[in-house]
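> the following comprises the amino acid sequence and a computationally predicted model.
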Amino acid sequence: MPNDKQSFRCSAFSIRHSAIFLALCVYASVAPLRAAEPAALDPDVARAAGFRVLQSKHLTLYTDVPSSPAVDELPQVFDAAVPQWAEYFGIDPAKLADWRMRGFLMQSRERFAAAGLAPKELPDFKNGYSGGHDLWLYDQPSDYYRRHLLLHEGTHGFMNTQLGSCGAGWYMEGVAELLGTHLWAEGKLTLGVVPRHKADVPLWGRIALVKAEIAAGRMRGIDDIVNDAVPSFTDNESYAWCWALATFLDGHPRYRASFRALQKSVNDPQFNAAFRRIYAAELAELRREWLVFANDLEYGVDVPRAAITFSSGRPLAPAGAKTTIAADRGWQSSGVRLEAGRKYRIRAVGRYQIALSPVDAAAGTSTQKPWPCEPGGITLRYYRSRPLGMLLGAVEPDAPAAGVSPATLPPAMLQPAMLQPIGLGLDTIIEPSTAGTLYLRVNDSNGELHDNAGALTVEIVPSP
């Protein structure tokens, strides 16, 4: 799996923020590469020197890569991204009528250097680098990943030239990864997609990297990613975590507006402080929900459906209580608070759709049939070692008050119970070790909630 880059892409934020960063950076991307800009090269001269020149409204691409449809359409892909960048960052499209970038798609860096198109001041990088109105890419064995790198570096160029900077390192790379992850089909480009299948995004691998990190015990919380340490971004794991966080915040109905408001702070040397200020009222819940999202990350994750609405429960009445749980959503509050050391009986009834049967082209089947399910789940398929569709539960302690430091919280508050759910099924007695609100969901991938339908009824009663 190739690294995205092995370099520092500096901004005014990073230069002002850290003397260490200033020492490590080759040049800044706010007023980028003034001493190292590639020489102006007339397209005809470039062609005479053996380079191909691919031009569109917003991109001139110099390359030594042989012609192919996937390479030759890159300027068209870039042009299709420009109005989407403008909409995302709130830039008047009229301002972009004459906006252009130059790109250098290289097989041989030495050949570009000899022509003055890869200046000696350009730092070493593995795959891509951007500065001002210029970007450089090494060719890739995957058509998808080549486009991804072009869009990733193009996002940096757009932000630097239109916003003045890209913000803190995690945000800079997170947004570029978010808007670089795309769908290109029949001449139409869609930015900011969550890939549905690994095969759709060869060499990308962000989801697999996050899952491997968690399996190895290296979960990164919000404060591990949004921090003021010098970010090196010399490994793909860092890019994967930044993509996941940006995807979570940008896709979540409750956090999206605040995330997009951060665009106004990209030139603020205290960018991370601005992040904490914007999210101050919900930061405790955000920290917990992020851990659940990362833990449950899958291809095709439906962020709005998986979003958790935290709602503290009320003490259980002596006669018990009933609640309805939707099958096509992630964790949902039961509205009931359980006490530590007391026993509760949880019974569930209902019939709902947990999936659609796959299309069997070989058998000539084109119609998908619903898979009915009850709270015990179906053993035709398992997800995370439990029957698909089985009712799950977790007792979450109340969120701490706004402004409380994570360092002062007990482990139960830092590790959501949803990370280790209880299998409830049709009828179970539980005895919580920690008081809190009972949350419920059916056992299914967050990437496959879209084909679920219906609901189940859950009854919670005191148990002797």
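Happy to help now that I have it. This is a predicted model, so every value here is computed, not measured.

> where does pLDDT dip in this protein?
Applying pLDDT under 70 to the chain picks out residues 1-40, 230-232, 359-366, 399-414.

> okay, now the domains of it?
Per automatic domain parsing, the structural domains of the chain span 12-301, 308-462.

> so Val292 sits in a helix?
Yes - according to DSSP: H, G, I helix; E, B strand; the rest coil, the state of Val292 is that of a helix.

> spatially nearest residue to it, not counting backbone neighbours?
Met418 (4.8 Å; Cβ to Cβ, 6 or more residues apart in numbering). Any C-beta I mention is one placed from the backbone N, CA and C, and that applies to glycine too.

> pull the number of nearby residues for that neighbour.
As a burial measure, Met418 scores 23 neighbours (other Cβ atoms under 10 Å).

> for it, give me its contacts.
Neighbouring residues of Met418 by Cβ atoms under 8 Å, 6 or more residues apart in numbering: 292, 295, 331, 394, 396, 439.

> going by neighbour count, which of the residues you listed comes out on top?
In the contacts of Met418, the most neighbours by other Cβ under 10 Å go to Tyr439, 26 neighbours.

> in what helix or strand does that residue lie?
Using DSSP states H and E, Tyr439 maps to strand 436-442.

> so what does that strand touch, helix or strand wise?
strand 321-326, strand 332-338, strand 391-396, strand 455-462 (3 or more Cβ pairs under 8 Å, 6 or more residues apart in numbering; DSSP states H and E).

> and those: which comes nearest Arg218?
strand 391-396 (22.7 Å; Cβ to Cβ).

> list the neighbouring strands of the closest one plus their orientation.
strand 422-423 (antiparallel), strand 436-442 (antiparallel) (DSSP bridges).

> with adjacent residues omitted, what lies nearest to Pro338?
For residue 338 the amino acid is Leu, not Pro. Leaving aside its chain neighbours, Leu338 sits nearest to Pro432 (5.0 Å; criterion: Cβ to Cβ, 6+ apart).

> verify the stated contact: Pro432 with Arg337.
No - between Pro432 and Arg337 there is no contact under Cβ atoms under 8 Å: 10.1 Å.

> for Gln55, which non-adjacent residue is closest in space?
Using Cβ to Cβ, 6+ apart, the nearest residue to Gln55 is Pro75, at 6.3 Å.

> so what secondary structure elements neighbour the helix or strand in which that neighbour is found?
Using DSSP H and E, Pro75 falls within helix 74-89. Packing partners of helix 74-89 (3+ Cβ pairs under 8 Å, 6+ apart): strand 52-55, strand 59-63, strand 101-106, helix 143-162, helix 169-180, strand 188-191.

> let's see that with 7 Å instead.
Contacts defined by 3 or more Cβ pairs under 7 Å, 6 or more residues apart in numbering; DSSP states H and E place helix 74-89 against strand 52-55, strand 59-63, helix 143-162, strand 188-191.

> of these, which is nearest Ser130?
helix 143-162 (4.1 Å).

> who's in contact with Arg109?
Ala118 (Cβ atoms under 7 Å, 6 or more residues apart in numbering).

> if we use 8 Å, what do you get?
118, 138.

> tell me the SS of the residue nearest to Leu338?
Classified using three-state DSSP, Pro432 is coil.

> can you give me the strands for the stretch 151-300 of the chain?
Ranges of strands within the stretch 151-300 of the chain are 182-185, 188-191, based on DSSP state E, counting those that start in this stretch.

> just name the most buried of the ones you listed.
strand 182-185 (a mean of 17; mean count of other Cβ atoms under 10 Å).

> mind checking how far it is from the chain centre?
Put simply, strand 182-185 sits 17 Å off its chain's centre (Cα atoms, centre = their mean, to the nearest Å).

> go on, stretch 74-89?
For stretch 74-89 - counting by Cα atoms, centre = their mean - the centre lies 19 Å from the chain centre.

> so what touches it?
Outside stretch 74-89, the residues that reach it (Cβ under 8 Å, 6+ apart) are 54-61, 91-93, 96, 99, 101, 103, 105, 146-147, 150-151, 154-155, 158-159, 162-163, 179, 184, 187-189, 191-192, 260, 263.

> buried only: go through these for me.
Neighbour counting by 16 or more other Cβ atoms under 10 Å classes 54, 56, 58-61, 91, 96, 99, 101, 103, 105, 146-147, 150-151, 154-155, 158-159, 163, 179, 184, 189, 191-192, 263 among the contacts of stretch 74-89 as buried.

> of the strands of the stretch 151-300 of the chain, which is nearest Gly313?
strand 188-191 (39.6 Å).

> picking up where we left off before, tilt between the strand holding Tyr439 and strand 321-326?
Orientation check (axes from the mean of the first three to the mean of the last three Cα atoms, to 10 degrees): strand 436-442 against strand 321-326 gives 40 degrees.

> just the C-alphas of strand 436-442, formatted as PDB.
Presented in PDB, the C-alpha positions along strand 436-442 are these (Å, rounded to 0.1, in the frame of the first residue of the first chain):
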ATOM      1  CA  GLY A 436     -26.800   4.500  32.600                       C
ATOM      2  CA  THR A 437     -29.200   4.700  29.700                       C
ATOM      3  CA  LEU A 438     -30.000   1.500  27.800                       C
ATOM      4  CA  TYR A 439     -29.300   1.900  24.100                       C
ATOM      5  CA  LEU A 440     -30.500  -0.700  21.500                       C
ATOM      6  CA  ARG A 441     -30.000  -1.700  17.900                       C
ATOM      7  CA  VAL A 442     -30.200  -4.700  15.600                       C
END
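
> now Phe275: how far from Ser265?
Separation of Phe275 from Ser265 (Cβ to Cβ, to the nearest Å): 8 Å.

> tell me where the stretch 151-300 of the chain has helices.
Listed in chain order, the helices found in the stretch 151-300 of the chain under DSSP state H, counting those that start in this stretch are 169-180, 206-215, 222-225, 236-251, 256-261, 271-278, 283-295.
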